[in-house]
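show me how the following folds:
(one chain, ligands or ions: 1)
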Amino acid sequence: MQKTGLVLSACARTWKSVQMASSGVARRNPLENKVALVTASTDGIGLAIAQRLAQDGARVVLSSRKQENVDRAVAALQGEGLSVTGTVCHVGKAEDRERLVATAVKLHGGVDILISNAAVNPVFGNIMDVTEEVWDKVLDINVKATALLTKAVVPEMEKRGGGSVVIVASIGAYSPFPGLGPYNVSKTALLGLTKNLARELAQRNIRVNCLAPGLIKTSFSQLLWMGKEREESIKETMQIRRLGKPEDCAGIVSFLCSEDASYITGETVVVGGGTPSRL
Ligand SMILES: NC(=O)c1ccc[n+]([C@@H]2O[C@H](COP(=O)([O-])OP(=O)(O)OC[C@H]3O[C@@H](n4cnc5c(N)ncnc54)[C@H](OP(=O)(O)O)[C@@H]3O)[C@@H](O)[C@H]2O)c1
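From the prediction side, this is the model:
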């Protein structure tokens, strides 16, 4: 009798786990117990990614250059009941990058996920007119800081047995936006950085993938879409007839950081609404 009871309760447990898997309940917190660092995450795409990672169960450390922006974003996401904290991090400053990693280690005991999202575009015009200072700034912030921040988190990821890095590039990496030469070039470099890091870090169980957003409606890109007429004419060229929203970029990043993507590294996902310029 007791034996029958044990068998029945084992069957019930198995059935429950099947139900959970088929109903999706078991997948509700795919990033549970993970600690994530997101750069440039007090606005736009970075903020949407930080929000989604936290909704999916991660403890997220937000960051950007200005303390007031960090405070505002942290308060907003905490107000939604999400597990987020924040610190100032200008990605071009070595001491800020170190503090970002140290903050995660102090608060949460380590780092599992890095989203490298910060970028600048200080000029509009021809590459032939760009000064050395501009090249230095664009390559320092967009490319070099990504490589150096990855270098800073890798030892922490190794202590946890592995990790996941997602680098935010741009569709401009494939098909240049007019007038944004150095920016486009820096984003193409990030595709190469992704592939090189993926190869180098795979043996340490660290995956490196890349996101290439199309035109996403944020303040960073407003020069390209501002004005009703301009926005309408851009929409006409898209296969999906709208501009992108920051949230369009968030779910795919969460997926790339999850166990479901454990056999994916060195890849770039374009979130571009079918932007024809890529063809
Ligand atoms: N929007 C688009 O259409 C589009 C398309 C393709 C790719 N992207 C890429 O997506 C990423 C985010 O762009 P976005 O459109 O979301 O921009 P956004 O809405 O303007 O947000 C920019 C964020 O970056 C922070 N930031 C700026 N410089 C920083 C620095 N040096 N170090 C750390 N944080 C910094 C800002 O906060 P603080 O002012 O407090 O620093 C803010 O949180 C960039 O890599 C961009 O190239 C955007």
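
make it CA atoms for all contacts and neighbour counts henceforth
Fine.

what stretches of the stretch 1-150 of the chain score poorly on pLDDT?
1-27 (pLDDT under 70).

now the strands: where do they sit in it?
With strands called from DSSP state E, counting those that start in this stretch, the stretch 1-150 of the chain shows them at 35-38, 59-64, 84-88, 113-116.

out of the ones you listed, flag the one nearest the ligand.
The ligand lies closest to strand 59-64 among the strands of the stretch 1-150 of the chain, at 3.7 Å (C-alpha to the nearest ligand atom).

do that closest one and the ligand meet at all?
Yes - judged by C-alpha under 6 Å from any ligand atom, strand 59-64 and the ligand are in contact via Ser64.

how about the nearest residue to Ala261 once chain neighbours are set aside, secondary structure?
Nearest residue to Ala261, sequence neighbours excluded (C-alpha to C-alpha, 6 or more residues apart in numbering): Phe255, at 6.4 Å. At Phe255 the chain is in helix, as set by DSSP: H, G, I helix; E, B strand; the rest coil.

roughly how far apart are Phe255 and Leu190?
Per C-alpha to C-alpha, to the nearest Å, Phe255 is found 20 Å from Leu190.

between these two, which one's more packed in?
Between Phe255 and Leu190, counted using other C-alpha atoms under 10 Å, Leu190 has the larger neighbour count: 26 against 16.

one step back: could I get the strands of the stretch 1-150 of the chain as a markdown table with mean neighbour count?
Putting the strands of the stretch 1-150 of the chain into a markdown table (neighbours: other C-alpha atoms under 10 Å) gives the following:
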| stretch | mean neighbour count |
| --- | --- |
| strand 35-38 | 27 |
| strand 59-64 | 28 |
| strand 84-88 | 22 |
| strand 113-116 | 28 |
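
JSON lines for those strands, including distance to Pro176?
Shown next, in JSON lines, are these (distance: least, C-alpha to C-alpha, whole Å):
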{"stretch": "strand 35-38", "distance to Pro176": "26"}
{"stretch": "strand 59-64", "distance to Pro176": "26"}
{"stretch": "strand 84-88", "distance to Pro176": "31"}
{"stretch": "strand 113-116", "distance to Pro176": "21"}
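
distance from stretch 199-211 to the middle of the chain?
Between the centre of stretch 199-211 and the centre of its host chain there is 14 Å, according to C-alpha atoms, centre = their mean, to the nearest Å.

gap between the two ends of it?
Across stretch 199-211, first to last residue, C-alpha to C-alpha, it's 17 Å.

and for stretch 169-181?
From its first residue to its last, stretch 169-181 covers 14 Å (C-alpha to C-alpha).

the helix or strand containing Glu229 near the ligand at all?
Following DSSP states H and E, one finds Glu229 within helix 228-237. No - using C-alpha under 6 Å from any ligand atom, helix 228-237 stays clear of the ligand, with a minimum separation of 12.1 Å.

other SSEs contacting that helix?
helix 222-225 (3 or more C-alpha pairs under 8 Å, 6 or more residues apart in numbering; DSSP states H and E).

would you mind putting the CA coordinates of the helix it packs on into CSV?
Extracted in CSV, the C-alpha atoms of helix 222-225 (Å, rounded to 0.1, in the frame of the first residue of the first chain):
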residue,chain,number,x,y,z
GLN,A,222,16.4,61.4,-33.3
LEU,A,223,18.4,63.2,-35.9
LEU,A,224,17.4,60.4,-38.3
TRP,A,225,13.7,60.2,-37.6
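
contacting residues around that helix?
With C-alpha atoms under 8 Å, 6 or more residues apart in numbering as the contact definition, helix 222-225 has outside contacts at Lys217, Arg230, Glu231, Ile234.

nearest to the ligand among these?
For the contacts of helix 222-225, the nearest to the ligand is Lys217 (5.6 Å; C-alpha to the nearest ligand atom).

please verify my assumption that that closest one contacts Glu247.
No - between Lys217 and Glu247 there is no contact under C-alpha atoms under 8 Å: 10.3 Å.
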